[in-house]
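Visitor: Here is the input, now give the coordinates:
(one chain, ligands or ions: 2)
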Amino acid sequence: MGSRSTAAIEWDIPAFVRSVITSLHRAGHEAYVVGGAVRDLCMNRLVNDWDVTTSASPAQIPSLFTHLRSFSLKHETTTLVHKGNPYEVTTFRGLEQSLEEDLKHRDFTINAMAFDIERSVVIDPWGGRKDIGKKVVRGVVNPEGRFREDPLRLIRAVRIATELGFQIEGKTLKAISSMAEAVTTAAPERIRDEVIRILLCKRPSQGLDIMKKTGLLAFVLPEIAETAARKLIPRELMSVYEHVLAVVDRVEPGEVPRVAALFHGLGEPRSTDHARTSLNTAREIMARLCFSKSMIRQVVELVQEQEALADYHPSSSNGDLRRFIRRVGAENLETLVALRRAHLMSLPKGTREPLHRLNELEARIRGLIKMPLVRGPQDLRINGSTVMEITGLPQGPEVGRILKHLSEVLMDHPEWNTRRKLVAMVKKIHPAALPEHAEGFGEFHGTTRRLKTKAQPKT
Ligand code: ATP
Ligand code: MG
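Guide: Numbers count the residues shown, from 1 in each chain. Ligands and ions are numbered 1, 2, ... in the order given. Alright, predicted model coming up:
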């Protein structure tokens, strides 16, 4: 066991956290900064959130802070809100209701330290600082027991190690491997949050690889684990799994792009049905892990539109490109192209030819979005009344169809969006003979892309 006291430390504890602890002290309770905050202070890292542990009971805590907005999701924890930030005050964990007992019930030694603000000392009975020095994540006391108590800790260990760039200590790692299946009993929302945090790390591949080696991946994301047995391209060594990990590392760290990168290869190696396979599987996985509907939609669109980018050909017209931009939304273009670039860059050398085509497409898109895009009839310089005046048509769907047709024509000729030109066009229109308009390259209908009739391997 480590020591209880060392030389006084000068740490910058926020005034609000100090005031919370002082209020608890004045009411006769013990109170300490605890957990991740102490770890981050020891490591000189920015503290994410501040947690306080106290001898005060769950009923006593809120009564001391009636002047603050507070709520309680788990009944032993009171969350105090200060300037919009949450601060968690929790009653000592464990039966004994002591600080030592509380720390013993925390997950890893580096998270099982407390800071006494009055004496400015770290209380570190399990050698957290030593393990920080060694850069290891080690279960407190016996790892198996800890993982049995709360199987989420199995994946938390991986996430914390990946975030901090630490190794998981040998016995702890063995315990994870032998108990991996227990992770399936943790709440899916909690697993989802840990997976997302792993994906947001600088190098998510490190975390995913630990999950793979310990067997966690086969229980949390079996569809991804299985891709290790599939080759990305015939006659090449790289597996789909290796490719996916490389893409995840390469793509910008945001939730949607990183999750999309993780799922973009599910349909590999390519067949006629690969687009549908990857989208359906991605949807299934995200539903199982309780991702929000909006997140599922964004990820699926991003994966789906990768196919549109693969369809791009230099002969595509500017009108086709504008229709594509309109369909995917100008705000999504950057992420879309970045994911495609990460994909192409992560292909085996010698199979990367399409990269210059993507660069060309990106340059063309950049040029096109500088000009205002006509999204639909709402952006025309004339409206329905003008059309009715010119054509003598009564109010109704015909007028709408004419406006829609004009806006489609402007996809190819945005410079025609002047009142004079549009009036001239309306005068020449035969409402009964309006042509059909396409959706731009990589066209799809609803959420199911029109699939190619012939198998066509794409890179
Ligand atoms: P960060 O806030 O940077 O994500 P953290 O370590 O503070 O990291 P929190 O989820 O905020 O993580 O938890 C605060 C503290 O509560 C942890 O440091 C740890 O001591 C304890 N803790 C959290 N979750 C568990 C768990 N599942 N089992 C045991 N202890 C836990
Ligand atoms: Mg925290």
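Visitor: use CA for all of it now, contacts and neighbours both
Guide: Fine.
Visitor: Which parts of the chain belong to which domain?
Guide: The chain breaks down by automatic domain parsing into domains covering 15-134, 136-218, 221-373, 377-428.
Visitor: out of the ones you listed, deepest packed?
Guide: Among these, domain 136-218 has the highest mean neighbour count (mean count of other Cα atoms under 10 Å), at a mean of 20.
Visitor: Quick one: check it for contact with ligand 1.
Guide: Yes. Using Cα under 6 Å from any ligand atom, we find that domain 136-218 touches ligand 1 at 150, 152-153.
Visitor: So which of the residues you listed is the closest to ligand 2?
Guide: Comparing these against ligand 2 with Cα to the ion places R153 closest, at 14.3 Å.
Visitor: Would you check that the closest one makes contact with H105?
Guide: No. Counting by Cα atoms under 8 Å, R153 stays clear of H105, with 11.9 Å between them.
Visitor: L80: what's it in contact with?
Guide: Counting by Cα atoms under 8 Å, 6 or more residues apart in numbering, L80 touches 68-71, 86-89.
Visitor: Tell me the one of those nearest I285?
Guide: Of all these, I285 sits closest to P86, with 30.8 Å by Cα to Cα.
Visitor: Now the helix or strand hosting that closest one: average pLDDT?
Guide: Per DSSP states H and E, P86 falls inside strand 85-91. Per-residue pLDDT over strand 85-91 has a mean of 95.
Visitor: how about it as CSV, C-alpha atoms only?
Guide: Presented in CSV, the C-alpha positions along strand 85-91 are these (Å, rounded to 0.1, in the frame of the first residue of the first chain):
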residue,chain,number,x,y,z
ASN,A,85,-20.9,22.6,-15.5
PRO,A,86,-21.8,19.5,-13.4
TYR,A,87,-19.8,18.6,-10.3
GLU,A,88,-20.5,15.2,-8.7
VAL,A,89,-20.6,14.8,-4.9
THR,A,90,-20.8,11.2,-3.9
THR,A,91,-21.1,9.5,-0.5
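Visitor: Secondary structure class of T78, three-state.
Guide: The three-state assignment at T78 reads strand, by DSSP: H, G, I helix; E, B strand; the rest coil.
Visitor: Could you check how far it is from ligand 2?
Guide: Computed as Cα to the ion, to the nearest Å, the T78 to ligand 2 distance reads 14 Å.
Visitor: Now do the same contact list for R106.
Guide: 35, 112, 140.
Visitor: Is R283 in contact with Q298, as I believe?
Guide: No. In this structure, R283 is not within contact of Q298 by Cα under 8 Å, at 10.9 Å.
Visitor: which residues in the stretch 201-350 of the chain form strands?
Guide: Assigned strands in the stretch 201-350 of the chain: none (criterion: DSSP state E, counting those that start in this stretch).
Visitor: my bad, should have said the stretch 351-459 of the chain
Guide: Under DSSP E, counting those that start in this stretch, the stretch 351-459 of the chain gives strands at 444-445, 448-449.
Visitor: can you check the stretch 51-200 of the chain too?
Guide: So, for the stretch 51-200 of the chain - with DSSP E, counting those that start in this stretch - the strands run 51-54, 69-71, 77-82, 85-91, 114-116, 121-123, 136-137, 167-168.
Visitor: Show me the least confident stretch of those, going by mean pLDDT.
Guide: Set side by side, the strands of the stretch 51-200 of the chain differ in mean pLDDT, and strand 69-71 is lowest with a mean of 88.
Visitor: Give me the helices and strands touching that one, please.
Guide: strand 77-82 (3 or more Cα pairs under 8 Å, 6 or more residues apart in numbering; DSSP states H and E).
Visitor: The strand it packs on close to ligand 1?
Guide: No. If you take Cα under 6 Å from any ligand atom as the test, strand 77-82 misses ligand 1, and the best it gets is 10.9 Å.
Visitor: Output that strand in PDB, but only the C-alpha positions, please.
Guide: Extracted C-alpha coordinates of strand 77-82, given in PDB (Å, rounded to 0.1, in the frame of the first residue of the first chain):
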ATOM      1  CA  THR A  77     -24.600  10.900  -6.100                       C
ATOM      2  CA  THR A  78     -25.600  14.600  -6.100                       C
ATOM      3  CA  THR A  79     -24.700  16.600  -9.200                       C
ATOM      4  CA  LEU A  80     -24.300  20.300  -8.500                       C
ATOM      5  CA  VAL A  81     -24.500  22.600 -11.400                       C
ATOM      6  CA  HIS A  82     -22.300  25.700 -11.400                       C
END
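Visitor: Specify the angle between it and strand 85-91 in degrees.
Guide: 150 degrees (axes from the mean of the first three to the mean of the last three Cα atoms, to 10 degrees).
Visitor: Direction included, what does strand 77-82 pair up with?
Guide: Strand 77-82 has these partner strands in its sheet, going by DSSP bridges: strand 69-71 (antiparallel), strand 85-91 (antiparallel).
Visitor: now those as TSV including distance to ligand 2?
Guide: Formatted as TSV, the strands paired with strand 77-82 follow (distance: least, Cα to the ion, whole Å):
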stretch	distance to ligand 2
strand 69-71	17
strand 85-91	9
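Visitor: Would you reformat those as CSV and include distance to K427?
Guide: Formatted as CSV, the strands paired with strand 77-82 follow (distance: least, Cα to Cα, whole Å):
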stretch, distance to K427
strand 69-71, 65
strand 85-91, 61
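Visitor: Quick check: which of those is nearest to P14?
Guide: strand 85-91 (11.2 Å).
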